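Novice: Sharing a model that was predicted from the sequence below.
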Amino acid sequence: MDAFAAALLSVCPPAERSCECQRSHAIKALALCFYLSAPHLSSIGRALEDVVSRGKTKWIEFRISPPPGDNTAPELTEFGQQFMSFCRAYQVAFRWLTSLTLENLAFGDSDVTDLISNCVKLESLALRACRMVNFEHSVLKIDTPCSGLQELNLVHFVCKRIQLISVPKLRQASCLIWRFENPPVRLDYVPDLRHVAIACLRTHPKAPFKLNECLSRSALNLSELHLNFFHQMIWIQPEHPKQLTAIFRNLSNASLSGIFPECDLSWTLFILEAAPALQKFGLSRTRHACANALDNNAEKTNVVWEPSKDLKHMNLKSLMIDGFEEEDKVAAYIWLVVERVRINGLGP
């Protein structure tokens, strides 16, 4: 970190020490990847504030994590507090931040909302291998009605539930979580949302939940939905299309991944029935490394649902099925689809 701080100061010298040529050639884009090292944070913060003070910076991206090592839960909490203190101490720099990736930090109940609210130019936020301090009982709530956040990626985030109360400019949300209650994600006011990806590794039996309990009726432009079950139990419950038609009316691309081998496939047609504009629909059983050691950890119950015989879908252009070895099962499923849709202008 000594070398990093020295290099940063050489590129971004304090305003009083920079020459006229350096002041006239202000940095317009800056991407930094660094560790949370307390002795160096003040130097980094001051250098960044000098950069943005020139007023010509258009893009600043941070990727921040603790120093390498096996950190304990108290240490993750300490690093999380250290980062939040860094953010508050150098608010001028963070107000210009446009993209932020944080790894291996623990947050208090309001920290993430406070962070997004303070970073007024933030467009993209990724939290990787992070958690709430009291993860067994705490809900990650994000309530930022004035933010410009467009992309949110939560990867291996540990908490009781994720709730996006108000994120009006959000266009893409991806959530990969391990511990959760039903439903794992609640999307409330997200009117610009276009793309949703939810991946949950359920290793303990719980009743499945309905997608209308999770997805927002305010997201009228939702166009892509991707769900991954990691070869464990199916955690969504098929529901009547009327419950989802308002949410899925503009859905054009949907995929279901990690369906366990013994599971019937006909239940997946409830998405097709609820999404009249759907053009691409995919089922995949491609195995993910995270699920290799978990085959016997959860009870896998077959999903029983009878697709409507009256379904006639007019817009499906592509049906993709990948990784399934049971030829009879796949053939029967394809026949179910062909009976109910017109693919590329062909069909009943």
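Specialist: Done, it's in. Numbers count the residues shown, from 1 in each chain.

Novice: so where do the helices sit in the stretch 51-200 of the chain?
Specialist: In the stretch 51-200 of the chain, the helices defined using DSSP state H, counting those that start in this stretch lie at 73-89, 91-95, 111-118.

Novice: Which of those sits closest to Val337?
Specialist: With Cβ to Cβ as the measure, helix 111-118 is the member of the helices of the stretch 51-200 of the chain nearest Val337 (41.0 Å). Backbone N, C-alpha and C define where each C-beta goes, glycine included.

Novice: The closest one packs against which elements?
Specialist: helix 73-89, helix 91-95, strand 124-128, strand 139-143 (3 or more Cβ pairs under 8 Å, 6 or more residues apart in numbering; DSSP states H and E).

Novice: Any idea which of the ones you listed gets closest to Val341?
Specialist: strand 124-128 (36.2 Å).

Novice: tell me what the closest one is packed against?
Specialist: For strand 124-128, the packing partners by 3+ Cβ pairs under 8 Å, 6+ apart are strand 99-103, helix 111-118, strand 151-157.

Novice: possible to save the helices and strands packed on helix 111-118 as JSON lines with mean pLDDT and mean neighbour count?
Specialist: Listed next are the helices and strands packed on helix 111-118 as JSON lines, based on pLDDT from 0 to 100; neighbours: other Cβ atoms under 10 Å:
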{"stretch": "helix 73-89", "mean pLDDT": "96", "mean neighbour count": "17"}
{"stretch": "helix 91-95", "mean pLDDT": "93", "mean neighbour count": "18"}
{"stretch": "strand 124-128", "mean pLDDT": "98", "mean neighbour count": "19"}
{"stretch": "strand 139-143", "mean pLDDT": "95", "mean neighbour count": "20"}
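
Novice: possible to save those as JSON lines with distance to Phe270?
Specialist: Below are those laid out as JSON lines (distance: least, Cβ to Cβ, whole Å):
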{"stretch": "helix 73-89", "distance to Phe270": "40"}
{"stretch": "helix 91-95", "distance to Phe270": "44"}
{"stretch": "strand 124-128", "distance to Phe270": "31"}
{"stretch": "strand 139-143", "distance to Phe270": "28"}
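
Novice: mind checking which of these is nearest Arg194?
Specialist: In terms of Cβ to Cβ, the element of the helices and strands packed on helix 111-118 nearest to Arg194 is strand 124-128, at 14.4 Å.

Novice: where's the closest one relative to the chain centroid, distance-wise?
Specialist: 8 Å (Cα atoms, centre = their mean, to the nearest Å).

Novice: same deal with stretch 40-56?
Specialist: So, by Cα atoms, centre = their mean, the centroid of stretch 40-56 is 30 Å from its chain's centroid.

Novice: surely Ala38 meets Gln82?
Specialist: Yes - counting by Cβ atoms under 8 Å, Gln82 is a contact partner of Ala38 at 6.4 Å.

Novice: Kindly reformat the helices of the stretch 51-200 of the chain as CSV containing distance to Cys200.
Specialist: Shown next, in CSV, are the helices of the stretch 51-200 of the chain (distance: least, Cβ to Cβ, whole Å):
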stretch, distance to Cys200
helix 73-89, 22
helix 91-95, 31
helix 111-118, 20
